[in-house]
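Build me a structure from this.
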Amino acid sequence: MALKPFAFCTASILALGLASVAHAQDAAPQAAADDAAPNADDIVVTGVRASIVGAINSRKNNIQIVDSVVAEDVGKLPDNNVVEALQRVTGIQVTDRAGGETATITIRGLSDPVTTWNGRNIFTAAGTSFALQDVSANLVKQIDVYKTRSADQLEFGLAGQIDVATRRPFDFDGFTISGLARGVYSELADKFNPNVALLVSDRWQTGIGEMGFLINGSYTRAKYRNMNVQAGALVPFATENPPSGTWLTPLQRIFPNTDPNNPYWTPGLNAGLPTTPGSTLSIDGVDVPYYLSRDAVISTDLYGKRERPSINAAFQWAPNDRSTYTAEFYYSGFRGTTFNSMMFSYVDWWQDLGTDPGSTFQLYDGTNIIKSRQVGDVAGFNSADYSTNRTDSYVYALNADWDVGARGKITADLTYQDSKNETSFFAMRTNRPLMDINVDFNAGGGIPSYSFENSKMLTDPSAWTLGDLFDNGNKSTGSAWTFQLDGHYDWDEGFLRRIKAGFRYDNRSASTFVREQSASAPAGTLASLGDGYSFTNSGFFDGQADVPTSWVLANGPALYKNADAIRSLYQSTNPNLLLSDQMSFGRVFDINEVTLAAYLMADGQIDIFGRPLMVEGGVRLVTVDTDYDYFDRYNGYARTGVSTGQAKFLPSFTARYEITPTLRLRFNYGETLRRPAFGDLNPNVSLTGDLSGLGFGTGSAGNANLRATTSKNYDLALEWYFERNSALYVTGFRREIKGLVVPLTTLEYIPNNTIVGSTATDYFQVTRPTNASDGVLKGVEIGLTYFPTYLPSVLNGLGFQGSATILDSEQTIPETDSLGNTVLTKSAFFAVSKFSYNATLAYERGPIGARLSYVWRKGFLNNNEARAFANPIGMWRKPEDSLDMQITWSITKDIGLTFDATNLTKSKQQNYYKYDTAGGPVTMNSSTLLIDRTFAAGVRFKF
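Got it, this is the predicted structure:
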């Protein structure tokens, strides 16, 4: 066990810390200010630009490298959620803008920032992180992005730490009531959505000291629509004149052979199959020329709704001017439903080619890749997928801080968290008759076009027969007790200016549960289900592609509402299908993880050439003991238990030198770690059937043997505060990472699984995480905030904030060769753009405040695809951008009207296949997702 050495070291550190405090009580009487306290050089502004230049104070006063987003007043963070507010911070890149909001964030190319609420680590259900997009911007006082870490901060999260600070009653002078109400219009969904918040706070003197109470509530709802059109994966086909001596007919699709000694071709090669004209495959000893073409075209039209209620409450009591007690409560909820209307059409049939097979297709010049083709009698299906998602997360916290003498302080914090998440998935396929299709896989801009000979059949429910049924659900729970004790003592003179020590105990528990069942198609058509069970969409893809704009399929909400009636119908093909009162979740994973940490650190200051050099050094000792049980649902839920333990010393050192009063140089070295996500430890396999007729399905599972990833971090920054409200800074950084968790895919035989119907199989390509990668990430970031003081007349009040980030990354990626051996190749980090920038124009004059913001990032490798097809393995994103604006008109000092808009240029999210020089956005385009444009108007008030 790692606990025994930890206990001895903890006792030593705390003893040393307390001895230092006791000795220091005899020192000079004046206490030093806290790091974050304002000083005479702080910038004090109001209005729109306060949220921009307020970040300069945070960076300037902190010895660590910190970038911040500041809400200069209640509800005045000009964004819908925390992720959107952070997209303009130097070094941050965001993506995944579906559903009218930004969902994914990376800091300097790393995607695992630890998320804290008022300094406390928070999480969702059985996860190890919290979804930042679930934090309403209405509740936020300030967001701090720590790119370096000191010994007194949480040790995990290679990317850094994002601390979301909410307001407390002692932030206000007295009684305060404030709020906002906004209506947000979604252009793609053609819906108006509410966004409201209300804060009430007061403080008062009593016979036992000063007290204060605050409650802040927020509610947002979004009805949205995601529309995506996709050209399917590439697979090989015979040419129109296949060589004699083979069984191939003109343009016949060539499936991989299950005989390993005569495979025909190998799916999932890094660069895919060669695209040079005349390239051949060896089939039964014959060199066979081939073409590459898509297996399908897919359109998805998703209708979604999400609601996010949240409440933050705080009570503070200061019995005297030397102690403060705070009780806090935070609730975050999520309610989501989606109805995904998918139309899937194969384009891989070869029997009905007409009299001249050569006239049915066109190649890209200089390749063997088919650009467009006409195919007869192709099959297809629609899938009505209805999903629900509910999360409730609660955080309860007690905090106390006491002054020790004139210069010391002790802080204690106790937190309990409880979080639950439950999801369901209910889907029915419907199959259409064979139809002729005419398709151009890239009709321009990476977007395919396609049409059917008899398009009226697409909206005729009597033409569609019932298909397979899928009925799944997941539940996860998580809780934690956390206690933290910190103490520090300060000096004004001499080299040693502060000594600080602390201890943290965290006890996390999590459990996951699943249920799943399915059934193959019964007899009948969609129309036979009766009125209300069919749904026909309209206006698909907003006129931006030449594709079908309307099709019929099962009505997802009606299926879910009448699920037992549908299950009863499908019991004709699967008598074991359960009804609602018979279903239960099966426990698949339990985990308990105890983390103990202790630290000791010291701050010092010395003059060099007459200018102050501040240094901070420390070490953090962390032990993690994990016990988990997993239950194999394909083996009668047989239990297997595993226990692991790990201990790690994590040193840190920071130096900040004031070259001049306005020019500062910072250096930081630190070590951090990333603990495995609980889901990545769960070895239970989740399987998907053989959707493409390859002879195998796909699956994913965790790895119980994962260990923590570690990183050595180096940062060097130069900062120039050239005016009171302006700054320019440049930072170089390097991360040396060991034991990165990356996916490894192998072909496995899994009999007696739960998949039935047309996609049933016993072979699966299963992807599991593994610590098989090391990597280096390095880069430079440049930031500028400038509000000139010399502009004349109406231009006075104009300012600029902008930043640019250059990143370079390399990691090793494990692969499995034909003999089952693991080999390593090199790749860029996933979701890392080599270059990104953002620029904001801000204006504040009289009652008018405005900002216009633009963010852009270069194309990047998003992920590696399943190794099931003939295209390159890498899935790349095209460059992404967004232009947003906000205008505020202060009618009085207490009331303001707002108008804001996002994605003014109607940007899209587009993917394509690429590996090294193979592939690209023209010949191997994949999907195009329309990104919503939103407009919002509202009112804010504060009294």
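
Now do the same contact list for the spatially most central residue of the chain.
Of all residues in the chain, the one closest to the mean position by C-alpha atoms, centre = their mean is Thr104, 3.3 Å from it. The contact partners of Thr104, by C-beta atoms under 8 Å, 6 or more residues apart in numbering, come to 83, 94-96, 111, 831. C-beta: built from backbone N, CA, C; applies to glycine.

Gly874 too?
Contacts of Gly874 (C-beta under 8 Å, 6+ apart): 827, 861, 864-865, 913-915, 919.

Now it: closest residue in space, sequence neighbours ignored.
Leaving aside its sequence neighbours, Gly874 sits nearest to Tyr915 (C-beta to C-beta, 6 or more residues apart in numbering; 4.6 Å).

Would you confirm that the one you found contacts Arg867?
No. Contact between Tyr915 and Arg867 fails when scored by C-beta atoms under 8 Å: they sit 11.8 Å apart.

okay, and the common contacts of those two?
By C-beta under 8 Å, 6+ apart, Tyr915 and Arg867 have these common neighbours: Ile873.

Name the residue in these two with the higher neighbour count.
Neighbours were counted for Tyr915 and for Arg867 using other C-beta atoms under 10 Å; Tyr915 has more, 22 against 19.

what are the phi and psi angles of that one?
Note on Tyr915: backbone dihedrals following degrees, to the nearest 10 are phi -150, psi 120.

got the contact list for it?
Taking C-beta under 8 Å, 6+ apart as the criterion, Tyr915 is in contact with 270-272, 872-874.

Just among those, which is most surrounded?
Neighbour max across the contacts of Tyr915 (other C-beta under 10 Å) = Pro872, 27 neighbours.

wait, doesn't it sit right on Pro921?
No. Using C-beta under 8 Å, Pro872 is not in contact with Pro921; the gap is 12.0 Å.

my guess is Ile162 is in a helix, correct?
No. Using DSSP: H, G, I helix; E, B strand; the rest coil, the assignment for Ile162 is strand, not a helix.

What is the neighbour count of the residue nearest to it when sequence neighbours are not counted?
In space, and not counting its chain neighbours, Ile162 is closest to Pro113: 4.8 Å by C-beta to C-beta, 6+ apart. Residues within reach of Pro113, counting by other C-beta under 10 Å, total 25.

low pLDDT regions in the stretch 801-943 of the chain?
Applying pLDDT under 70 to the stretch 801-943 of the chain flags the ranges 816-821.

Swap in 90 and give it another go.
Within the stretch 801-943 of the chain, the segments meeting pLDDT under 90 span 812-828, 830-831, 844-846, 849, 851, 863-868, 893, 942.

repeat for the stretch 451-600 of the chain
Flagging of the stretch 451-600 of the chain using pLDDT under 90 yields the residue ranges 453-455, 531, 542-543, 588.

Buried residues in stretch 258-266, which are they?
Neighbour counts over stretch 258-266 (16 or more other C-beta atoms under 10 Å) mark 264-265 as buried.

Show the contacting residues for Leu458.
Leu458 makes contacts with 343, 432, 452, 548, 550-552, as judged by C-beta under 8 Å, 6+ apart.

For the helix or strand where Tyr396 lies, enumerate the helices and strands it packs against.
Following DSSP states H and E, one finds Tyr396 within strand 380-404. Secondary structure elements in contact with strand 380-404, counted by 3 or more C-beta pairs under 8 Å, 6 or more residues apart in numbering; DSSP states H and E, are strand 323-346, strand 408-431, strand 465-490, strand 552-554, helix 556-561.

mind checking how far Asn635 is from Val685?
Applying C-beta to C-beta, to the nearest Å, one obtains 11 Å for the distance of Asn635 from Val685.

before we move on, what about Ala480?
28 Å.

the more surrounded of the two?
Legend: neighbour count by other C-beta under 10 Å for Ala480 and Val685, higher for Ala480 (21 against 18).

does the more buried one really touch Arg508, like I thought?
Yes. In this structure Ala480 lies within contact range of Arg508 using C-beta under 8 Å: 4.5 Å.

Need the residues touching each of the two.
Jointly contacting Ala480 and Arg508 under the rule C-beta under 8 Å, 6+ apart are Phe123.

Tell me who's in contact with the residue nearest to Ile162.
105, 107, 145, 157, 159-162.

What does the pLDDT read for it?
pLDDT recorded at Pro113 is 89.

again with Leu791
Listed pLDDT for Leu791 reads 88.

Is it in contact with Leu798, as I believe?
Yes. With contact defined as C-beta under 8 Å, Leu791 and Leu798 form a contacting pair (5.9 Å).

Going by how many neighbours each has, rank these two and give me the top one.
Using other C-beta under 10 Å, the more surrounded residue of Leu791 and Leu798 is Leu798, with 17 against 12.

show me where the stretch 451-600 of the chain has strands.
For the stretch 451-600 of the chain, the strands defined by DSSP state E, counting those that start in this stretch cover 465-490, 496-519, 534-536, 552-554, 586-608.

burial of Asp413, as a residue count?
A count of nearby residues for Asp413, using other C-beta under 10 Å, gives 20.

ok so, going back, please, a PyMOL command that selects the buried ones among the contacts of Pro113?
Buried residues among these (16+ other C-beta under 10 Å), as a PyMOL selection:
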select buried, resi 105+107+145+157+159+160+161+162
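
State the distance from Asn257 to Pro263.
Distance, Asn257 to Pro263, by C-beta to C-beta: 5 Å.

likewise Glu422?
For Glu422, the distance to Pro263 (C-beta to C-beta) stands at 43 Å.

just Leu251 next, same as before
Counting by C-beta to C-beta, the gap from Leu251 to Pro263 is 21 Å.

Equivalent analysis for Trp350, please.
Trp350 is 21 Å from Pro263, by C-beta to C-beta.

residues of stretch 500-515 that come out buried?
500-506, 508-515.

Report the backbone C-alpha coordinates of that stretch in CSV.
Provided in CSV are the C-alpha atoms of stretch 500-515 (Å, rounded to 0.1, in the frame of the first residue of the first chain):
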residue,chain,number,x,y,z
LYS,A,500,3.1,27.2,3.2
ALA,A,501,2.1,23.6,3.9
GLY,A,502,-1.0,21.6,3.4
PHE,A,503,-2.8,18.3,3.3
ARG,A,504,-5.6,16.9,1.1
TYR,A,505,-7.7,13.7,1.5
ASP,A,506,-10.1,12.6,-1.2
ASN,A,507,-12.3,9.5,-1.1
ARG,A,508,-14.1,8.9,-4.4
SER,A,509,-16.6,6.2,-5.2
ALA,A,510,-18.3,5.5,-8.6
SER,A,511,-20.5,2.8,-10.1
THR,A,512,-21.8,2.2,-13.6
PHE,A,513,-24.7,0.1,-14.7
VAL,A,514,-26.1,-1.0,-18.2
ARG,A,515,-29.0,-2.6,-19.8
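
roughly how far is that stretch from the heart of the chain?
Distance of stretch 500-515 from the chain centroid (C-alpha atoms, centre = their mean, to the nearest Å) equals 21 Å.

before we move on, the earlier item: turn the helices and strands packed on strand 380-404 into CSV, columns for distance to Tyr854.
CSV is the format used below for these (distance: least, C-beta to C-beta, whole Å):
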stretch, distance to Tyr854
strand 323-346, 30
strand 408-431, 35
strand 465-490, 38
strand 552-554, 39
helix 556-561, 37
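
Kindly state which of those is positioned closest to Ser711.
strand 465-490 (23.3 Å; C-beta to C-beta).

Identify the residues contacting the closest residue to Ser686 other than its chain neighbours.
Using C-beta to C-beta, 6+ apart and skipping residues adjacent in sequence, the residue nearest Ser686 is Ser700, 5.3 Å away. For Ser700, the contacting residues are 685-686, 766-768, by C-beta under 8 Å, 6+ apart.

number of nearby residues for the closest residue in space to Thr360 that isn't next to it in sequence?
Excluding the flanking residues, the one nearest Thr360 by C-beta to C-beta, 6+ apart is Gln374, at 4.7 Å. Residues contacting Gln374 under the criterion other C-beta under 10 Å number 17.

same thing with Tyr634?
Number of residues near Tyr634 (other C-beta under 10 Å) recorded here: 14.
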